[in-house]
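[1] Here's a sequence, model it:
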Amino acid sequence: MLSNFSAAATRLSARRPRLHLRPAEFLRHFAPRPPDSGIATDPAQWRPRPAPAPDRAGPSSISAPIGQYTCQSLNCYPHWSFYRVRVSLGWNIMALLPYDGAMIPGLRKFHEASATFHYAKRDIVIRQNWNQLGVAAVVWDAAIVLCTYLELGTIQLQDRTVIELGAGTGLVGIVAALLGADVTVTDRGVALQFLESNLQENIPTDLQSRARARELSWGVDLQQFDAGGYDVVLGADVVYLEETFPALLETLEYLSSEQTTILLSCRIRYERDQNFLKMLGSRFTVEKVYYDTEKDVHVYKAQKRMVKEDL
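    Next up, the predicted model:
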């Protein structure tokens, strides 16, 4: 099995060189005991080596301590996951590991079939489907914090037009609709049917016409949406993949006018996240309006900068 892993890792590295996949180093430092037993799914079989403190979790960036290691999942599949394993030697490697939800206690909640929340005086039951859709089909802390902020009433939602980017399970959009907004929740096509099912199950019949799901890949076919036609743009944990930042900014610019309020809920995990805030600040005025200390999630408010007309 180890030789199969090495070959698969090499093929994947050739397809996506940015991942910097080094199977030989992985096998030397993390091979299970005994060597011929295959890739260990039990962390106790891994050779001990000190690791830095675990990062915080987020979609497509799931970090948790496994034994004495810190593993960061980049993509989730039913049985396999890419992990960046960071050790005290100071280098990063990519590894393809068997994935078992019970293996990491902090991730078990994502494997539950549903999660229940209480917002807008209603119980909201959100279906989850990690095995089929991965990070797009579970409720992340950033969504919970953004819902809490919306319920505070700081932003007026009654009869406002709202669009949510990267809606995932739809929790944030559902709460916005229950608070009186006319909501369009968006995500990639692969997640749309799942998203629609959560809308239908949680929004009362008399409000169904005020909520809809539409496909939107950032920066693609934006003309299908009303340019600058939304009062509020929402995004929970949409800031995590650096290669998506330009398309995300393009989408935010297209959907917003100078009167639009943008609310982005996220953890600030890495330098690239700070870089996104700087990029956002070059085109919008940005301020932090809320911070959940327990979940370490920030809510940022952004508005498009006024265009000065020549005299």
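[2] What is the neighbour count of residue 214?
    Residues within reach of residue 214, counting by other C-beta atoms under 10 Å, total 16. The way it works is simple: take the backbone N, C-alpha and C, and place the C-beta from them, glycine included.
[3] again, but for the one 10 residues further on
    Applying other C-beta under 10 Å, we find 9 other residues in the vicinity of residue 224.
[4] can you pull the contacts of the closest residue in space to residue 289 that isn't next to it in sequence?
    Excluding the flanking residues, the one nearest residue 289 by C-beta to C-beta, 6 or more residues apart in numbering is residue 301, at 4.6 Å. Residues in contact with residue 301 (C-beta atoms under 8 Å, 6 or more residues apart in numbering) are 261, 262, 263, 286, 287, 288, 289.
[5] Quick check: of the residues you listed, which lies closest to residue 168?
    For these, the closest approach to residue 168 (C-beta to C-beta) belongs to residue 263, at 15.6 Å.
[6] The closest one belongs to a strand?
    Yes - counting by DSSP: H, G, I helix; E, B strand; the rest coil, residue 263 is part of a strand.
[7] what's the distance between it and residue 142?
    Residue 263 sits 11 Å away from residue 142, taking C-beta to C-beta, to the nearest Å as the criterion.
[8] Looking at the two, which is more packed in?
    Of the pair residue 263 and residue 142, residue 142 is the one with more neighbours under other C-beta under 10 Å, namely 27 against 24.
[9] Past the strand or helix carrying that one, which element shows up next along the chain?
    Following DSSP states H and E, one finds residue 142 within helix 141-151. Using DSSP H and E, the helix or strand that follows helix 141-151 in sequence is strand 161-165.
[10] Beyond that next one, next helix or strand please.
    helix 171-178.
[11] How about residues contacting that next one?
    Contacts for helix 171-178 (C-beta under 8 Å, 6+ apart): 117, 119-120, 122, 124, 126, 139, 143-144, 146-147, 150-151, 157, 162, 164, 167, 183-185, 198-199, 202-203, 207, 210-211, 232, 234, 236.
[12] just stretch 248-256 next, same as before
    Here stretch 248-256 makes contact (C-beta under 8 Å, 6+ apart) with 163, 165, 216, 218-219, 222, 225-230, 233, 235, 238-239, 262, 276, 279-280, 283-284, 302-304.
[13] Emit the PyMOL select command for whichever of these are buried.
    Those of these that count as buried under 16 or more other C-beta atoms under 10 Å are selected in PyMOL with:
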select buried, resi 163+165+216+218+222+225+230+233+235+238+239+262+276+280+284+302+303+304
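[14] can you pull out the helices in the stretch 51-200 of the chain?
    In the stretch 51-200 of the chain, the helices defined using DSSP state H, counting those that start in this stretch lie at 130-133, 141-151, 171-178, 192-202.
[15] For these, give me TSV that also has distance to residue 270 and mean pLDDT.
    TSV is the format used below for the helices of the stretch 51-200 of the chain (distance: least, C-beta to C-beta, whole Å; pLDDT from 0 to 100):
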stretch	distance to residue 270	mean pLDDT
helix 130-133	23	79
helix 141-151	15	97
helix 171-178	23	98
helix 192-202	28	95
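[16] which one of the ones you listed lies closest to residue 294?
    helix 141-151 (9.0 Å).
[17] Can you point out the buried residues in that closest one?
    Buried residues in helix 141-151 (16+ other C-beta under 10 Å): 141, 142, 143, 144, 145, 146, 147, 148, 149, 150, 151.
[18] repeat for stretch 111-118
    Buried residues in stretch 111-118 (16+ other C-beta under 10 Å): 115, 117.
[19] all numbers from here: first residue = 754
    All set: I'll call the first residue 754, so the last point we hit is now stretch 864-871.
[20] OK, contacts around residue 1032?
    Contacts of residue 1032 (C-beta under 8 Å, 6+ apart): 998, 1002.
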